[in-house]
Every structure is written in structure tokens, then in C-alpha cells.
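Novice: I'd like to go over a predicted model; first the sequence, then the structure.
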Amino acid sequence: MFDFIKDMLRQAFISKKKEYYLWLGFLVFLIGLGAISYFKQYTTGLIVTNLRDQVSWGFYIANFTFLVGVAAAAVMLVIPAYIYHFKPIKEIVLFGEMVAISAIVMCIMLVMIDMGKPLYAWHIMWTPNWPQSMLVWDVIVLNGYLMINVAAVSYVLYKLAHNEEYSMKVMWPIVLLSIPWAISIHTVTAFLYNGLVSRPFWNASIIAPRFIASALCSGPALMLLIFQIARKVSRVDISDVAIFKIAELVAYTMAFNLYLYAAELFKEFYSASLHMAPMEYLFYGLHGHDNLVPFTWMALFFNLTAFIVFLIPKTRRHFPTLNLACILVIVGVYIEKGMGLIFPGFIPGSLGEIYPYMPNAEEIKITIGVWACGALLYTLMFKTAIPIYLGDLRMKTPKLEQIRK
Amino acid sequence: MSEPIEGHLVHGAIWTIKELYTYPNEYLYWTVHIVIYPFLTGLVAGAFVLSSLYHVFGKNELRPVSKFALVFSLALLIMAPTPLLFHLTKPWRALNTMLTPHFYSAISAFIFVYLTYMSIVVAEVWFVFRPFIVQQAREKTGYLGLLYKVLTLGSYDVSERALALDHKISKILAAVGIPAAALLHGYVGFIFGSVKTVPLWKTPLMPFIFLMSAVISGLAICIATYIAVMTFKKTYICLTTVRSMGKTLTLFLIIAFLLESLDIVFHAYTAEEFWAILSEIIFHRFSVNILVLQWGLGMIVPLVLLLIPNAGLIRSFVASCLVVFGVFMMRWDVVIGGQSMSRSLAGFMKFKMPILPTSIDAFREGLIVVIFLLVMPFVLLYVFNKVLPVFRDIFTEEECEIHTKEISRKEAHT
Amino acid sequence: MSLSRRDFLRMGFLAVCGTVIPLGSLEILKPEAMASLVHPYSKRKRWAYVVDTTKCVGCGMCVKACKLENEIPFNADVQRTWVERYVQLNSGEVIIDSPRGARYGYTSNDPQGRAVEQDEIAKGFFVPKLCNHCEKPSCVQVCPVGATYATPDGVVLVDRKWCIGCGYCITNCPYFARFFHPVVNTADKCTFCYHRITKGLNPACVQACPFGVRKFGKLNDPDSEVFKIINTERVAVLKPEFGNEPHVFYIGLDHIVR
Amino acid sequence: MDRRKFIKSMAVGAAATAVPLNQSDASFFDTFFQKYYREMTKEEKEEVVQRLEAEYKAKYGKDIKVGTEEHIPGVLFGYALDLSRCIGCRRCVYACVTENNQSRNPQIHYIQVLRFRRGTSEGEHWIAGASGVSNLEESVKYYDPPLVPQEEHFYMPVQCQQCENPPCVKACPTQATYKTRDGIVVVDYNWCIGCRYCMAACPYDARKLNWAEPYIPKEQINPVTHYLGNRPRMKGCVEKCFFCIQRVRAKERRYPACVEICPVGARKFGNLLDPSSEIRYIMAHERVFRLKEELNTSPKFFYFFSI
């Protein structure tokens, strides 16, 4: 067992390729940059960011929201893999779950970074304001989802390391739990925002389905890119069929997402109550403040273009266009759900003040650091899992030894 | 106008009972017809989606119901706007919506969305049944023959190439029809969602909620009608077809259930000013309607029935009927329940449906008309069935077995 | 034959497009247009109304005058203007009533038929209501045929000859100022007595009020009483959160007013 | 061994490595493991107060008293503000700052005075003060004329509305903010984790975060404080108006600082449960309104126009 762990670690950190070390070094460099900025923020206070009382949540929470979506998107692989037994996807669901793990870890990091007194975060466990506070719910469901995915990945890897077929008896409960759980991390995160009467922009029940729909677009799109890179840099075989199937699913979810988006936009502009101001700010600018306007239109344009590319089978099955569409939809959803959702919640503020928030360099550096952490985690996990997955690395059990002899 | 009329009854006063403080002008102005109208429109959308499942998504086991679902959706579609005509106090002015449409109004868009959708459905029906029509036009004589000849629209080409083209076109139409159905019904939801004064309605989720409940009601009524007609005709029913429909129904039922509960949970959590009166409606005044009939009988019971494996004909039939009933109750609760809360948030209104047609108003909004509206689609289906072979294209036992095997092979293959 | 079919198809396609395109006309993308926003009125003539609730005694003369002037059957339980009574008890409970829209006035001291002792009452007052003639009227927004419309001077009117009677406007009015006219059977509402104000007269209710509760005038006319009140006193409107921008301004509005 | 000590011994090792060295003295661990105020016994409260007083003494060189007065039975505090009297002088804002030891750099103000244009003159937008306060977007917070009140304007101070149904309390994940029995919503600054969910939840913009280490000049510090009120705060915690809890709960029953300072007597304060109190008189005799009534927060802060 000890040897096996040693082997795993060796697999993770040792490679014949120089590029691998370069990649690791690059990530560590980014993490270092972020860490320096975070140290500054930790010692001086959140004043180093552009956040103020008027806009108290910003770039960190925007990234958090986007990443929750990425995490939940593992379910897009789990459903076809385990419920519909679609074989090509079943083979890669493991790597999808790893994306979920990295995303959740990044989410937790971002929330901790966003706190004014992160050291005292243990108070949540001591006197949780449960069930009233949605933040407590969010802590529970995010950690739960992390555990579910860690359990699923480690069980499958464990069985693979023993050269055994995993048993569906063990997987079923995990799968059955993970599907509603993935939906729930989204619903709860949506409620985190839409439960607030003070923020009319968020205060609509459509936020939850929209969250789910947009998550199911951006997450799989990100996975599509990761899988393509993965099969380039490693020997792992990810079939085109699986990729095209995921792309097809993205087309459906994008249709959903756009439908819901249209419903919300139409409703908001149509009702034209005083609560329309944030929408106006997003799309047309408010009282001369229009720093989000180009982003909003860009996101809309990206989403629509990507939808068309995903919808047409010809472009969907053509890798250059597919990849372009993936990037478009990721950027589109990142804007729409990150800054497009979090910032206007505070603009105009509860007393009508407009504080045109944009993240400053420190925030961006810290966030890049967090993304680099996630990428590093994924790289290491992937690098460790590959030899087990391909059968190069096996645990030395008596039974296996016998077989080998 | 001359002398004021003693005790003149105002529109709405016959069926409205006021409680506590409501505004003096407040009556239930939208009643049963606004219940039936989205209900029928929803059935259309659902039935059309069912037929598209075969035409677009290649669910071959649904072939026996695809034509029936298509024709049924046409029958329902024809009836869909009639409740609106009964509802209008000036029905003969309905054409005004086309003469001077005011596009910011959700209702004015109806006629256009409706016509678009109608043209899609009619065109698809024509393409699907064209070989049959051509054959009949060549064989039949007399009035019926003339009818078929008119129906061919002068096109007698039934060569292989033409038929392949037909098939392709009907597939495209079916595919276009899905977003059109989503638009049609989403827009019906929007009629309610855009009314900002009614707390129960004013959610941007309304189009989506309506769309999902529309799909489940349409699927369910097709299942129920199909089973009923086939049993009545003593024809063999392929269980695989029924189960496949049941599976789709289950999926949409779950989504619909989640969406509806999501909205209620949302209101309960945010607890804005109107939640006091809304919770009074949900948990007291309409508790039987909403909690027992709409959610319990209409969603949870059928969901359980459908989720238990190996559903038979009777179980599917019962579950489908319950779903249709549940969706009807949902429309009822949304329309009547939503308006029962006074806009003053300090009073309630009760709806008492006029049974006997004691006056014109009582007749128009009364029970007789309601029954007429709900029966008419089936009558139309009967008429269509006389002209077109709606139920003829069914599986024999061998075919059924082939499809059953194919499906089980698909599952085993993975 | 196949040629004819292709033609038929093309015709059908064109017909479909033709019906869909007006829907998607680009104007709909503009929020102002969608919200039936009329141009800002900075310099234009605009009627407005002021109600001083601190003076109202609930005599109901305004309701009576309105009914007679505008030929709404007197005994029909719908009215263009009405008066509400608010009674707040010491316990904080609020009792609201408006018997027959107060067209006979308030003759008894029992709100909603409840006997309330004098020393139980913390506060009591009357609030006259009428159509608010909003700048962004939600009734105009939803009328499918454009039968209800806002005049350039800000009065919202109904065309009885064109109304189809769908009731959408009634449902969408936050103030429930609209109703079906019992005789004509179309949507009906307060017109600010348009037939009078265009001749330089005051609306009937303003004329009838013996206590000077109701005031009427042009918003941007420095000589009008309405202008003076709005610019010097603290006025409020009903249900501002709907964003309708109502133009009936109230003096002395309490938070218990619905 | 009680759970506090147990946790402490368990976590000391782990925390010691995580904490920057210059902070890792004994008082840091006392602060780190300090209990939730509502869970403290009387003795523990005394212990904590002593420690805090020692800390403040070291920091500000003054004897600062940290009170822990409980609520007075039969009292529910309410506030009323006469908008026709307010002249927008902002004396209340600065009285509040000095009384409640708010950070001077970065500045924290509990009270924000909004200026509205009165009437409809030149108004492109409909509201322009016509309905008073419904469209807060029309207001200006940063105004600086040589003399107030300005012509054609009126003012509306906004601070914590001490809701009966506070959204911030509902949102707080740690229960660090809660409503006391006399109706004041308070924050246990030591228990707050600075997640700012309450700031997002508050419809009145009443909550403020200490974005950096608060700075109070030594000579300006107010030595009479309350644990839940105006004791000096730390970096990263959220604070808000608490009706000057150190004054209103004191034996002398003083008015909050803003009420005391107001030169025009626009601010009224009192016990809502006492029928003879000034606030009850106003509630009965004036037409009052509350900010954002439709959100059902039911504030205990009433606005009215006396003329």
C-alpha cells in the first residue's frame, strides 16, 4: 500500500516530458503571484480590492458562481454514463468528476479569500444559522458534493488499481446521490442570491433554473476542451463519439439556457418596474455608467454564436469550430453568470447609489492564482490517474501477484 | 343612457363573493375560460411534442401514436382560441386584434403565434397523410372523393423521390414545430407572468412552468386517449409504445414538479409583503385544490405510479388521467387562485361558477360552455378520424416485439 | 405536379415569415418602447391630481357626482372614484372598508360591520382613490387592440367602440381603477372628466368636494394649485414600486394605506 | 475538559503554523477561541470584557469601559424621523461617528443623508421628489453646498431601520448578527466572519464592513462602550447602527447621539410599548411611512412629515 502511494506520487511529479515541468512551473508561478497578492490583502484588509460597502461582493464571488456551475456539470457526464449506459462517455466520466473536484476546491478557496476574517470561518460550524441562512446550506452542499465526487473517483481508481471491475452496487448510491446533489448545489447557490429581497435583480425564482441551464452549457464545454488536451498529451483514449455526444447535449442545454434568459429579459423589460434598473445598467448603462455594457452584449453575441455552432451537426462535428464554440460559450457564460449576475445585483445599490465596480489588479491576480491552483490540482490528479486507468500502475495484492506469475 | 337601472348587476358580480377588504371595483374578471384556454393550448403543445419525438428524434417505437398525436394536436389547436371568444364581452370585435394589433400586449401576439403554429401543424398533417389522400382521391368518388381531391391540392406525385422529400419536409416541420410550440406556450405563460399586480403570477419562470406543464398534459392526454380508443376498438396495444411515452412523461413530470415547487419555496423564503396572503391561499383557501388535487393527485401519485417498473395499461391510463386532471387544476389554481387574492392584499374573492344559464353572462362563463369546450376536441378528433387514418397505422404483435427487442438490445448494448 | 407543390411550399413559407416578422420588429428590443414609455414631459402640458387625505371626511359627494356626471348606473357596484376608510386599532390591526364605494358616504362608525370603541382606535382617516393616470400605464401596455391609450396630456382613456372586453387591462391595473361598464360592457375608467377639463372646467369630483380635498391642474403650469402643492409640500403616490409613475399625488399618506 | 479547552488544545498546533508570527501571542488565541456572546456565561463575559479593556488600554492609552448591559424588560425601541424638519446638516452623521467610535480612515458612516430634488421642475424623470422617496436613484448622497437647506431640495437620512423581520439576521451564516429583545439588531464583532452576506441582504444599505484596520485618533475615542455596540472594532467585521445601545440601555436612559444632536428636533426616539411615549404619540397622530414597505421587513423606523 505504501509503495503504491509512493508510485502514485512518483507518477504525479515525474515525467519524461520537459513540457510537463514547464507547465507545473508556470502554474506554481501564477500561484505564487496570487499568494503574494493575497498576503497583502490578508494583512491590509479587503481595502486593497475595489470592493466597497456599495458593492460588497465582486469578482471573487462572480468566479465562485461560475465555478459552481462547472462543478455541477459533471452530472452531464454522469447521467448518460450511468443512467443511459452510454459507453463512450462512461469511459471518461472519471475525468469529468475530477473537473468537478478541482472546481469545488476552487470555489471553497474563493469563498475563503472573499471573507473579511477567514480565520474565523469555523464559526459557521459552531453556531450555524440553519436552516435560515442560505450560506450555511451552500457550505453543506458544496462540501457534500466534493465528498461525493472524491468518493466516486477514489472508488473507481481503487478498483482499477486492483484490476477489478467496479461494482454497480456501490456506484449506484453514489450516482443516484450525485445527480440531485449536483442540481442542488446549483439551486442552493441560486437561492443564495435570489432569496434576498433587497436585491431586485436577483430576487426572481428563474435564477435557479437559469443557473442550472448555464452550468450545463459552460461546464461540459470546458470539459470538452480539457478532454481534447488530455488525449493530446497522454495516451488515454477519449473517443470522438463521446465528445460529439457531449457537444450534442450542450446544444440542448444551450437552447434551454437561451430560452430562460430570453424569458427573464423579456419579463424584466416588459414589466418595467423600478427593479429594471440593474438590467438597464447591464444592457444600456445607467446615468452614464456603462462599463458592463460591452461585456453584456459580447456575452449575448458569444452565446448566440456558440448556440448556432453547436446546433448545426456539421460545425459541431468539426473540431476547429467546435473548439471555438466551446471557448465562446465558456466566455459567454463566464460573463453572463459571473460579472453579469453579481455586479448588477449591487448596481444601483439599495439606496440608489451607482458605484461602477470593476475588479482591480490585486483581485485579478488572486483569482488567477486560484485558477492556477485548480489547474495544478487537476493536472496532478490526472497525471496520477492515467497510469492506473491505462493499467500501467497496479496495486501489489497477493491476488494480482498470483495472476502476474 | 337614461335612468340608472335599479340593482344593475355588474360583470363579474354573479360569480364573485368578496371577503374582507377588496377594492370596490375588484371582481374575478378572468374565470373558467382563462383556465381552459391555457389548458387547451398546453395540450396542443404536448401532443405535438409527442409526435415530434417520432419524427425528429427517431423514437421508432412511437410510430403508432405519432399520427394520432399530430391530428389530435390539430383538433385541440382548432379549439384553443374558442374559450377566448367566449370570454370576451365583445367577441365579434375579436378581429380588432388583427386590424390594430398593439404588440406590447401579450394577447395581441396570440393570433400571430397561433397562426404560425397552425400553419406548421396543418402543413405537417398534410405531408404526413399525403400518400393516403392521393390514394383516396384516386379511388373514392362522390362527395368524399371530391373532398380528398380538394385535399390533394392538385399534387398527385407519390413517386419514391417525392415521398422521400415529403418525409424530409415533415421532419423539418416537426423540428421547427418544437420551438414554435415552446414559443406558443411560453407566451401563454407570459400572459400571466407579465401581470405584475398578481403575486402568484409575476415570476419570469412562468413561461417555463407553463411549458413544462403543457408538455406533461399533452403527453398524458395522448396516452389516455390512445389507450381508451384502442381498448374501445378492441385493437392490440403495444405496451412498449405506452411505456416509452410513460417514460418521457415521467421525465417532464419531474421537471414540472421541481419548477412549481421551486417557485413556491422561493416565495416562502423571501417572504415579501404578499407572502402572508399567498400562504393563506396556498395553505388554507386553496389547500385542497393546490396541495391535494394539483400536487398530490396530479403529480405525486402519477409520478409514483409511473416510477414503479413494468407499468401496465391500466396503470398508465390512470396515471395519465391524473396528470391531465392535475394540470387542469394547476391552471385553475393559477388563474382563479391568483386572482382570489385582492390587489389590496387585505381581502379575498371566492369564485362560484354559474351552473344554470340565468343570464347571458352566466351562460357564457357557465358550466354548459365549459363542458362544450372540453368535449369539442374529442368530437373533432372523431371527425378527423373519419377522413384520415389516424389510428390505422399501428403495430402488430410481431412489430411490437421487434421494437421491444430493439429497445432492450439498446439497453443491453451499453 | 411537384412544381406546384414547391410553389405551395414557398407560399406557405412566405406566409409564415410574414406573420412572424412583425413580431420581431426591431423596435421591441428597446426597453422604453416595450414599456409603453411615453416621452418625458419636461415642458409638455400634463394633467395631474392632488388628494389631501388629511382633509377628507368621507362624505362621498365626489363619488356621487362622478357617477351622475359620467353615467355609470348609480346602483351598480363599480365606480370611477371611491373613498376608503382606514381604521387602525391600538393593537396595530388595520380595518379597511369602502361600503358601496362610499357613494352614500360613511354613515356609521362600524368599519366592515365591526363595532369598534372610540378608545380602541389609534388612528382613522379616509383616502379617496381614482385612476392614477400613470405616465407608464400598465393597462395601456397590455391592451391587445390599442383601445385604451394615453393622450398627449397624460390622460388614459378607453375607446368604447374598439374595446374587445378581454379584461387584461383590468387585471393588470395595480389600483383596480378599471372595471367593466355595466351597460356598455367594455372596460371603463376615470377620464379626469376629459369632456370637462378640455373645456377649462374642473372634473366633477373636484367640483363636488366640499372640503377642498381634491385638486386638479396642470403639472407644469406655475399658476396651478397642483403645481404649487407638488413643489412645496411633501406628496406621495400609491404603490410606486410598480414603476407606473402615477400622477395622482397624495398628501398625508400613511404606510397602512393599500 | 470542556469543549472549548478541548478544541483549543487540538487546534493550537495547527493554528500556530497558520498565523503570522507577530500576532501569535496569548491574547491572539484568546481572541481566536473567544466564545459566541450569547453562549457566554456571566463569568465568561466578565473575563472577556477584562481582556478587551486591557487590550484597548494598551492600544488607546485610556480606560475604556466595555458594558454588557442586558435589555430592559418591557421595552421595544422605535424611531421616528420628521422629514419636514430635516435640513440636511449631517450633524447626526458626525455625532454618530464620534459617539460610536467608527473608523475615521477609512471612513464609516452609519447614517447616510440623501438629498432629493423637490417638485417637478426641469425633471426629466417623473419622480423628482414628487412621491418623496420611492425612487432612491434620484437621490444624491454626496452634496456639499455652503449652506443647508438648499432651495428646492429636501433631505432624508437613512440608517439601520432595526427591522422586526431583519433580512440580515436571516442571511447571517453564523448568527453573529441577531435581534435582541428590545428590538435592536446587533452584531457580535468577534463572531462575525466578514462574509458580507448581510450587506447583500440589507435593503437599506445600513451595514458597513471594516475594509481595513479601523483608525480612531486616541484623543477622540469614546470610553463609554458596549460589547454589542461601540467598542472599537477590528478589521474585516461588519458593523451597523445599534440605536446607541450603550446609551439607551444605560441607567440614565439617554437618547441616541443622533437624536440628541439634531438641531431641528427632527429625530424622535422612544419605547413603542409605552402608550405615553413620544414615539407612540407620533404614530397615532401623524401619517407615517416606512422605507420599502413592500419587502415586509417591517422596520421600527418611521418617517413622517409634520407639516
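Specialist: Sure thing, it's come through.
Novice: is stretch D:80-98 anywhere near chain C?
Specialist: Yes: residues of stretch D:80-98 contacting chain C under CB under 8 Å from any CB of the partner chain: D:L83, D:S84. (C-beta placed from N, C-alpha, C; glycine too.)
Novice: can you tell me which residues contact the one residue in the stretch 1-150 of chain D that gets nearest to chain A?
Specialist: Closest residue of the stretch 1-150 of chain D to chain A, CB to the nearest CB: D:L136 (3.3 Å). Residues counted as contacts of D:L136 (CB atoms under 8 Å, 6 or more residues apart in numbering or on different chains) are A:P348, A:S350, A:L351, A:G352, D:L114.
Novice: Those: which ones sit near chain C?
Specialist: By CB under 8 Å from any CB, no member of the contacts of D:L136 lies near chain C.
Novice: Just the buried residues of those.
Specialist: A:P348, A:S350, A:L351, A:G352, D:L114 (16 or more other CB atoms under 10 Å in any protein chain shown).
Novice: Show me which residues of the stretch 51-200 of chain D are close to chain B?
Specialist: D:N165.
Novice: same question, the stretch 51-200 of chain A
Specialist: Close to chain B, as judged by CB under 8 Å from any CB, the stretch 51-200 of chain A has residues A:Y84, A:H85, A:F86, A:K87, A:K90, A:M134, A:T187, A:F191, A:N194, A:G195, A:L196, A:V197.
Novice: so how far is A:S239 from the second one?
Specialist: By that I understand A:H85. 15 Å (CB to CB, to the nearest Å).
Novice: cool, and the first one?
Specialist: Distance of A:Y84 to A:S239, given as CB to CB: 16 Å.
Novice: Then the fifth one?
Specialist: Here A:K90 is placed at a distance of 11 Å from A:S239 (CB to CB).
Novice: ok, how many other residues are close to residue 148?
Specialist: Answering for chain A, as no chain was given. 22 (other CB atoms under 10 Å in any protein chain shown).
Novice: actually chain C
Specialist: 24.
Novice: any idea what the residue in the stretch 101-250 of chain C that chain B sits nearest to is structurally, helix, strand or coil?
Specialist: As assessed by CB to the nearest CB, chain B sits closest to C:G165 within the stretch 101-250 of chain C, at 2.9 Å. When classified by DSSP: H, G, I helix; E, B strand; the rest coil, C:G165 comes out as coil.
Novice: so it sits right up against B:T89, yeah?
Specialist: Yes: here C:G165 reaches B:T89: they are 2.9 Å apart, a contact under CB atoms under 8 Å.
Novice: list residues touching both of those two?
Specialist: C:F180, C:N185, C:T186.
Novice: Which of those fall in strands?
Specialist: Counting by DSSP state E, the part of those found in strands is C:F180.
Novice: Let's have the shared contacts of C:G165 and B:T89 in a markdown table, adding neighbour count, pLDDT and distance to C:I170.
Specialist: Putting those into a markdown table (neighbours: other CB atoms under 10 Å in any protein chain shown; pLDDT from 0 to 100; distance: CB to CB, whole Å) gives the following:
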| residue | neighbour count | pLDDT | distance to C:I170 |
| --- | --- | --- | --- |
| C:F180 | 25 | 93 | 7 |
| C:N185 | 18 | 89 | 13 |
| C:T186 | 21 | 93 | 11 |
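Novice: Compile the shared contacts of C:G165 and B:T89 into JSON lines and extend it with columns for distance to B:G193.
Specialist: Putting the shared contacts of C:G165 and B:T89 into JSON lines (distance: CB to CB, whole Å) gives the following:
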{"residue": "C:F180", "distance to B:G193": "24"}
{"residue": "C:N185", "distance to B:G193": "28"}
{"residue": "C:T186", "distance to B:G193": "26"}
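Novice: how about the closest residue in space to C:R160 that isn't next to it in sequence, what does it touch?
Specialist: Excluding the flanking residues, the one nearest C:R160 by CB to CB, 6 or more residues apart in numbering or on different chains is C:T186, at 5.0 Å. Taking CB under 8 Å, 6+ apart, we find C:T186 in contact with B:T89, B:K90, C:A147, C:V158, C:R160, C:C163, C:G165, C:F180.
Novice: please redo it, this time with the cut-off set to 6 Å
Specialist: By CB atoms under 6 Å, 6 or more residues apart in numbering or on different chains, the residues touching C:T186 are C:R160, C:C163, C:G165.
Novice: Against C:P137, how distant is it?
Specialist: Distance from C:T186 to C:P137, by CB to CB: 17 Å.
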